[in-house]
Each structure stands twice: as structure tokens, then as C-alpha cells.
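A.B. asks: what's the 3D shape of this:
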Amino acid sequence: MSDNSTQEPSKTAEEILGLAQALIQSRGYSAFSYQDVANALGIRKASIHYHFPSKAELGIAVVDRYAKRFRASLESIAADEKHSSMTMLDHYMKPYFEFAKTSDKVCLCGALAGEILALPDELRKRVERFFEEHQAWLAEILARGLVRREFVFSAKPAKMARLVFGALQGALLVKRTTGDASQLKDVTLVLKSQLSGGGK
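C.D. replies: Residues are numbered from 1 along each chain as shown. Below is the predicted model of the structure:
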């Protein structure tokens, strides 16, 4: 952003970020333009360039905001030892179900991953970091569940985390393609049954 990046984004900047996120989640990074944002918000393209001089900077700001909010939510629930590991996993899955309620949205970074080779380098790194952080968080929760005897599985937590993360991201993509709302529900039910020992 052209102004001091340590300051809170202005109302206009927040509106730009929110709309850009929605467009990426539904269309993809390559399929929206500053003109799309300007038309939707009723502002001039110059106003967008003032806050985000380049599309790459806008994309980075969108991912940073998304990742920060997701991270804060996960850190908050993980800090409360009273929650069961399954409750924490349900909390993690909640945004995926919110996306699945729409006709076209998927996880922001999941959408970006579909065009990863076409992304600017810094934006690509942000997406990779998001995936790494989420798999690491899931691995910690899964390991916690094993220690507490709340989960039952034989694979290493890091490998199981990859399975859970990949299944959730993939289910959203299939749901958007087919329009079948049961995709995510069925995937999560099977995952939770396996983790709780019900799949044996």
C-alpha cells in the first residue's frame, strides 16, 4: 500500500480487499481486474492504485489479511485447553462449510493454488506459507488428540494433517464443480469417523 503499512487500512482499502477476496475465491486471481473492483464499488481505478499500486500488492494484502484472521481464530481456540481435539477440528472445518454454502466460493488460497504457476513470486510464497501453517496446526491438534486418546490413527500426525487438509480443499473444489452440497459433508463425516475410531 502506498500509505504507512503499519496503520489500519482505511474504509475504502477494506472494501477493496473484501471485494478482491470475493472475486479471487469465485473467479480466480487472473480473472478479475481493477476495473471490476472499481465498477462494483463505484470508485475510480485511481483510488485502487492509491492504496494498492499493483495487482500483485493487492493480492498479497488480500492473502495476508485472510491468513491473519484465520490464524487468530485458530490460535484462540487452541489456547483453551478445555476444548476437545474434535471440537478444535470442527472449529477448523467451519469456514469450509461457510464457503460450501455459496454457489462458487472456495478457500482463498485453494483458489490461488489452482493458478500457482501464473502468480507473482511473492504471492506464490504467501500461498505456500498458508498451506504450511495450516498443515502444521492440524498436525498439532491431531497429535494432541492422540495423546489424550481422543483420536485413533496409525499414521504420523503430520501425514494425517496432509490428508485432512487435502480432503477439505479438494471437497470444496468438487462441490463447486458439481454443485453437490453433500461433497464436503460426506468427506468430513468419514474423516471424523476414522479419527474417532469409528472406521474400524
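
A.B. asks: if you count neighbours, what's buried in whichever strand or helix holds residue 19?
C.D. replies: Using DSSP states H and E, residue 19 sits within helix 11-26. Within helix 11-26, the residues scored as buried using 16 or more other CB atoms under 10 Å are 13, 15-17, 19-26. C-beta coordinates here come from the backbone N, C-alpha and C atoms, glycine included.

A.B. asks: output those as JSON lines; include the columns distance to residue 107 and pLDDT.
C.D. replies: As requested, the buried residues of helix 11-26 are exported to JSON lines (distance: CB to CB, whole Å; pLDDT from 0 to 100):
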{"residue": "13", "distance to residue 107": "23", "pLDDT": "96"}
{"residue": "15", "distance to residue 107": "22", "pLDDT": "97"}
{"residue": "16", "distance to residue 107": "20", "pLDDT": "98"}
{"residue": "17", "distance to residue 107": "16", "pLDDT": "98"}
{"residue": "19", "distance to residue 107": "17", "pLDDT": "97"}
{"residue": "20", "distance to residue 107": "15", "pLDDT": "98"}
{"residue": "21", "distance to residue 107": "11", "pLDDT": "98"}
{"residue": "22", "distance to residue 107": "13", "pLDDT": "97"}
{"residue": "23", "distance to residue 107": "14", "pLDDT": "97"}
{"residue": "24", "distance to residue 107": "10", "pLDDT": "97"}
{"residue": "25", "distance to residue 107": "8", "pLDDT": "97"}
{"residue": "26", "distance to residue 107": "12", "pLDDT": "95"}
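
A.B. asks: what lies in contact with the helix holding residue 19?
C.D. replies: 1, 9, 31-32, 36-37, 40-41, 43, 47-48, 51-52, 58-59, 61-62, 65-66, 99, 102, 104-108, 111-112 (CB atoms under 8 Å, 6 or more residues apart in numbering).

A.B. asks: related to what we said a few turns ago, can I get the buried residues of helix 11-26 in CSV with distance to residue 72?
C.D. replies: Shown next, in CSV, are those (distance: CB to CB, whole Å):
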residue, distance to residue 72
13, 19
15, 21
16, 21
17, 16
19, 22
20, 20
21, 16
22, 20
23, 23
24, 20
25, 19
26, 24
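
A.B. asks: closest one of those to residue 157?
C.D. replies: residue 25 (28.9 Å; CB to CB).
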